[in-house]
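1. sequence plus predicted model, see below.
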Amino acid sequence: MTPQLRRALAILGIGGLVVAGLAAGAWYLHGGNEEIRSGGVVSAGGAELGGSFSLLDQDGQRRTEKDFAGQYVLLYFGFTYCVDACPLAMLAMSQALDRVDPAVAAKVQPLLITVDPARDTPEQLKTYLANFNPRFVGLTGTLEEIGTAAKAWRVVWEPPKPAADGSYQVNHTTIIYLMGPDGSFLRHFDHLSNSDDIARALTEIVR
Ligand code: NI
């Protein structure tokens, strides 16, 4: 375990968490006290997933899908205040990139697109991403801009409804997408995927 990951685990308070072999329902929504699972499946063959987006990164620079053309992209939609699924997904992605050959890792761009743009400012993303793989790019924007990206990847999410005390979680699907250098969808994982399995898939697929 890298110091980076140990720090992330400590911060997130899940150092002792064992992720049991839960049935991997690809669609997972979470938020507040509720957890909802349904049996939806992302079909790999011919699935039209992905599209164009225009969002701000953690340095406040505008980025579009064209900036990542020619690279494999490991993409996750989540938010930095998430207390359950997102930290697991982010760690799985980071650990997978730590475990593959550096030549493979160098061809894979990890991306986080927030589903909570009100709180996930570029500055907040930057602080959060310091806990994970240093090559992570975090993206935020207006609700409309996030909505455009979410729709392209068929992300199911509920725009946040803050509680009276201002706190809230955001229900969202927790799929990790592996996109090819031409922007095509190649494979999906989720927040319960084992980082070794993701690493193995990257080693098989990335050329
Ligand atoms: Ni989450």
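-> Thanks, I have the structure now.
2. doesn't residue 90 belong to a helix?
-> Yes - remark: residue 90 belongs to a helix, assigned using DSSP: H, G, I helix; E, B strand; the rest coil.
3. flag every residue of this structure that's near the ion.
-> 78, 82, 85, 86 (CB under 5 Å from the ion). (Glycine included, C-beta is placed from N, CA and C.)
4. farthest-separated two in these?
-> 78 and 85 (7.1 Å; CB to CB).
5. so what's the spatially most central residue of the chain bridging to?
-> The residue lying closest to the centre of the chain (CA atoms, centre = their mean) is residue 76, at 2.1 Å. Per DSSP bridges, the residues bridged to residue 76 are residue 112, residue 176.
6. so who does it touch?
-> 86, 89, 90, 93, 110, 111, 112, 113, 174, 175, 176, 177 (CB atoms under 8 Å, 6 or more residues apart in numbering).
7. out of the residues you listed, which is nearest to the ion?
-> residue 86 (3.5 Å; CB to the ion).
8. just checking, that closest one touches residue 77?
-> No - at 9.1 Å, residue 86 does not count as touching residue 77 under the criterion of CB atoms under 8 Å.
9. distance of the closest residue to residue 48 other than its chain neighbours relative to residue 142?
-> In space, residue 48 comes closest to residue 185 once its chain neighbours are excluded; the distance is 7.7 Å by CB to CB, 6 or more residues apart in numbering. If you measure residue 185 against residue 142 using CB to CB, to the nearest Å, the figure is 25 Å.
10. the more surrounded of these two?
-> residue 185 (19 against 12; other CB atoms under 10 Å).
11. pLDDT (mean, whole number) over the host helix or strand of residue 56?
-> In this assignment (DSSP states H and E), residue 56 forms part of strand 54-57. For strand 54-57, the mean pLDDT works out to 98.
12. thanks again, I'm all set now.
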